[in-house]
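K.L.:
Got a predicted structure plus its sequence, pasted below:
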Amino acid sequence: MAKPPLPHPILTTPRLRLRQFRAEDTAAMYECFSNPEAMRFWNQPVHTRLIDTERAVRSFIDCTPSYYRYWAVADAGSDRCIGMVSYHDGHIRSKRASIGYMIDPSRQNQGLATEAVGALIDYCFGALGLHRLQAFIDPDNQASRALAEKFGFRSEGLLLDHLRVGDEWRSEMVYALLETERPQQ
Ligand SMILES: CC(C)(COP(=O)(O)OP(=O)(O)OC[C@H]1O[C@@H](n2cnc3c(N)ncnc32)[C@H](O)[C@@H]1OP(=O)(O)O)[C@@H](O)C(=O)NCCC(=O)NCCS
């Protein structure tokens with residue numbers, strides 16, 4: 001008989017609880033995905049209809065742990081969703097994956113992404129046993145570059161026209177962090 005899936009791991013930090021997405025998180029994520037500034041460097045166009053976010057959240061609830069997993073970033077006290085983190089493009093047998101993150105614009109610049117992404121990296125190198133993490137970042141995305149560099153990610157170069165969003169080609173920098181090179185926090 002097939003084994004039942006393992007429960008979605010819950011990751012905790014001083015101010016946050018990273019947990020599985022629920023359908024009720026749609027309105028909170030719509031605040032992020034309908035915001036042109038937050039979506040400026042995202043891999044999808046700005047959401048203009050709630051149904052776009054409903055579909056996205058549905059895909060975040062399902063996961064294939066060997067390939068991708070999404071966490072709702074929630075306030076530890078209220079459990080209100082204020083963003084997301086993920087690993088995706090996972091090649092778990094090759095021990096590598098890419099990471100993604102977004103924090104609600106009204107909650108940015110408070111160190112919350114630092115907490116959430118720190119917990120995600122701990123999980124990827126720890127429980128998941130990965131060796132290499134990647135982040136694909138627009139050269140103009142100063143906040144994301146600062147965040148990645150804070151954790152020791154280094155740029156390996158620019159991938160020209162790596163992403164197609166709507167009618168637009170976007171180039172991205174590939175950043176990487178090896179488990180063996182991870183700075184002591
Ligand atoms: C990237 C993002 C998650 C950062 O979230 P945040 O909660 O504001 O980040 P933090 O407060 O933890 O700050 C992390 C670091 O980035 C720096 N930073 C934040 N915004 C910055 C900006 N606009 N320019 C330069 N540095 C910035 C902070 O100073 C901090 O570094 P420090 O601790 O050395 O001072 C957030 O800006 C976001 O959601 N952006 C939109 C989605 C996105 O582009 N995601 C990444 C796709 S690759």
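P.N.:
Yep, that arrived.

K.L.:
Every contact and neighbour count from this point should use C-alpha atoms.
P.N.:
Noted.

K.L.:
what's near enough to touch Ile99?
P.N.:
Going by C-alpha atoms under 8 Å, 6 or more residues apart in numbering, Ile99 touches Val85, Ser86, Tyr87, His88, Leu133, Gln134, Ala135.

K.L.:
What's opposite the second one in the beta bridge?
P.N.:
Bridge pairing for Ser86 (DSSP bridges) gives the partners Tyr70, Gly100.

K.L.:
correct me, but it touches Pro65?
P.N.:
No. The pair Ser86 / Pro65 is not scored as a contact, 10.7 Å apart, by C-alpha atoms under 8 Å.

K.L.:
now, which of the contacts of Ile99 sits nearest the ligand?
P.N.:
Using C-alpha to the nearest ligand atom, Ala135 is the member of those that lies nearest the ligand, at 6.5 Å.

K.L.:
What is the burial count for that closest one?
P.N.:
For Ala135, the count of nearby residues is 23 (other C-alpha atoms under 10 Å).

K.L.:
sec struct for it, please.
P.N.:
Using DSSP: H, G, I helix; E, B strand; the rest coil, the structure places Ala135 in strand.

K.L.:
I figured it was touching Leu178, is that so?
P.N.:
No. Using C-alpha under 8 Å, Ala135 is not in contact with Leu178, being 11.9 Å away.

K.L.:
Using PDB, write out every CA atom in stretch 35-51.
P.N.:
Taking Å, rounded to 0.1, in the frame of the first residue of the first chain, the C-alpha atoms of stretch 35-51 are listed here in PDB:
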ATOM      1  CA  ASN A  35       0.600  45.300  -6.500                       C
ATOM      2  CA  PRO A  36       2.700  46.500  -9.500                       C
ATOM      3  CA  GLU A  37       5.700  47.400  -7.400                       C
ATOM      4  CA  ALA A  38       5.800  44.000  -5.700                       C
ATOM      5  CA  MET A  39       5.400  42.300  -9.100                       C
ATOM      6  CA  ARG A  40       7.900  44.400 -10.900                       C
ATOM      7  CA  PHE A  41      10.500  41.500 -11.000                       C
ATOM      8  CA  TRP A  42       8.100  38.500 -10.600                       C
ATOM      9  CA  ASN A  43       7.900  35.700 -13.100                       C
ATOM     10  CA  GLN A  44       4.200  36.500 -13.800                       C
ATOM     11  CA  PRO A  45       2.300  39.600 -14.800                       C
ATOM     12  CA  VAL A  46       0.400  41.600 -12.100                       C
ATOM     13  CA  HIS A  47      -2.800  39.800 -11.100                       C
ATOM     14  CA  THR A  48      -5.900  41.900 -12.100                       C
ATOM     15  CA  ARG A  49      -8.500  39.300 -11.100                       C
ATOM     16  CA  LEU A  50      -8.900  37.500  -7.800                       C
ATOM     17  CA  ILE A  51      -9.300  34.200  -9.800                       C
END
